[in-house]
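**Student:** A predicted structure for the sequence below; I have some questions about it.
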Amino acid sequence: MRRRTALTAAAGLALSLTACGSGGDSASGLNPSAGTPVTVNAGFIPVIDVAALYLGQQQGFFSSRGIKLDIKTAQGGAALVPPVVSGEYQFAFSNIVSVLAARDKGLPLRVIAAGSDSTGVAGKDVTMIRVLKNSRIKSAADLEGKKVSVNTLDNLLQMLGEVAVTADGGDPDRVNFVELPFPDAITSLKKGDIDAMITAEPFDTIAAEGDTRVIASPYLEMAKTGLTTSVYCASEDQLKKNPKLFPALKAAIDESLAYAQAHPRETRAQLASFMTIEAGVAQKVTLPTFSPKISKASVEAFAKAARAQGLIDNDISYSDLVWSGAAG
């Protein structure tokens, strides 16, 4: 069983910040109301999943509860862990595997709200494995001995690749995973420098226009329905210091998710406001499912897969990970 090390640096930094004390004292006791709004610092990654909150902000779901979002962006979820743990950010976006890994390393993070779900539709999901149309690779097991790109080693997409290979009867230890940014991976696939790429939207749509085909929809190897794949998280310290803020914040996030799911055209229109995307691609991308529900089955499925692939060492339950909503 391989042991993952890619998240260790971020975890170590975050743990040192915890040991030095929280930097969130200035945010102590945030009490939002329409008459006395408060500024809430948030860390996002510029990916399609966060479109729901930009849309909710536009619709006034946060301001009506006295919350003004000050959004900072990072290119990866690991970079958002230290400022959340230190209290610099009240909450941040992350894939669920990164939060599980942080909890496994003793970091005081809790999931406060859902982010997005996979679609549960084969060949039309938010993450898929693609090869060139003329490739001899037919299924995930054929990736043994092949070079496969992921955006970040030892994190969500590599785990999904390993899940797909295992489910197809292959040995994931025989797959050569390489780290490439999505745009570079598309170029490398076309040139033949890699044999397959594990995608995420909008890059799956972009890759689909370049003579590629899908060989696996890895989320469907974990469950035959949609899974909660991304979440919003906060530190336990912030949850204790701001017992009136987080119920209001979660309510605004939940309303944003429900609205985005019901208004896909408006959700697509948000994409260009926070990420670089061509208008034609924005109209074609597969949107995730936006649901306020944090699926217990999803948490259990990801915890099981993360442990099986060596990303975490310990069993992590739903109650360990997800904030109950209770004050304190």
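**Tutor:** All right, it came through fine.

**Student:** neighbouring contacts of stretch 259-266?
**Tutor:** 51-52, 55-56, 59, 61, 267, 287, 289-291 (C-beta atoms under 8 Å, 6 or more residues apart in numbering). Every C-beta, even on glycine, is put in place using the N, C-alpha and C of the backbone.

**Student:** then stretch 319-328?
**Tutor:** Residues contacting stretch 319-328 (C-beta under 8 Å, 6+ apart): 99-100, 103, 110-112, 234, 239-240, 243-244, 246-247, 250, 294, 299, 303.

**Student:** any low-confidence regions in this structure?
**Tutor:** 1-28, 326-328 (pLDDT under 70).

**Student:** tell me where it has helices.
**Tutor:** 8-19, 51-59, 81-86, 96-104, 156-167, 182-191, 203-208, 219-222, 236-241, 245-262, 264-270, 279-284, 296-308, 318-321 (DSSP state H).

**Student:** next, format those as a markdown table and append distance to residue 176 and mean neighbour count.
**Tutor:** Below are the helices of the chain laid out as a markdown table (distance: least, C-beta to C-beta, whole Å; neighbours: other C-beta atoms under 10 Å):
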| stretch | distance to residue 176 | mean neighbour count |
| --- | --- | --- |
| helix 8-19 | 22 | 16 |
| helix 51-59 | 34 | 22 |
| helix 81-86 | 28 | 26 |
| helix 96-104 | 21 | 26 |
| helix 156-167 | 11 | 25 |
| helix 182-191 | 13 | 17 |
| helix 203-208 | 19 | 20 |
| helix 219-222 | 20 | 22 |
| helix 236-241 | 39 | 20 |
| helix 245-262 | 37 | 21 |
| helix 264-270 | 36 | 16 |
| helix 279-284 | 29 | 14 |
| helix 296-308 | 20 | 19 |
| helix 318-321 | 32 | 16 |
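
**Student:** which stretch among those comes nearest residue 228?
**Tutor:** Proximity to residue 228 (C-beta to C-beta) singles out helix 296-308 among the helices of the chain, at 3.9 Å.

**Student:** without its sequence neighbours, what residue ends up closest to the residue most central in space within the chain?
**Tutor:** Nearest to the mean C-alpha position of the chain, by C-alpha atoms, centre = their mean, lies residue 95 at 2.3 Å. Setting aside the residues directly before and after it, residue 95 is nearest to residue 156 in space (C-beta to C-beta, 6 or more residues apart in numbering), at 4.6 Å.

**Student:** residues in contact with the one you found?
**Tutor:** 95-98, 229.

**Student:** the residue in the chain sticking out farthest from the centre and residue 319, how far apart?
**Tutor:** In the chain, the greatest distance from the average C-alpha position (C-alpha atoms, centre = their mean) is reached by residue 35, at 33.5 Å. To residue 319, residue 35 is 36 Å away according to C-beta to C-beta, to the nearest Å.

**Student:** next one: residue 248
**Tutor:** Distance of residue 248 to residue 319, given as C-beta to C-beta: 23 Å.

**Student:** same deal with residue 205?
**Tutor:** For residue 205 relative to residue 319 (C-beta to C-beta), the value is 37 Å.

**Student:** repeat that for residue 104.
**Tutor:** For residue 104, the distance to residue 319 equals 15 Å [C-beta to C-beta].

**Student:** can you add distance to residue 144 and give the helices of the chain back as a markdown table?
**Tutor:** Shown next, in a markdown table, are those (distance: least, C-beta to C-beta, whole Å):
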| stretch | distance to residue 144 |
| --- | --- |
| helix 8-19 | 28 |
| helix 51-59 | 37 |
| helix 81-86 | 33 |
| helix 96-104 | 23 |
| helix 156-167 | 7 |
| helix 182-191 | 18 |
| helix 203-208 | 22 |
| helix 219-222 | 16 |
| helix 236-241 | 42 |
| helix 245-262 | 38 |
| helix 264-270 | 38 |
| helix 279-284 | 32 |
| helix 296-308 | 18 |
| helix 318-321 | 33 |
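
**Student:** quick one: closest of those to residue 134.
**Tutor:** Nearest to residue 134, of all the helices of the chain, is helix 182-191, at 11.4 Å by C-beta to C-beta.

**Student:** tell me the angle the closest one makes with helix 156-167.
**Tutor:** 40 degrees (axes from the mean of the first three to the mean of the last three C-alpha atoms, to 10 degrees).
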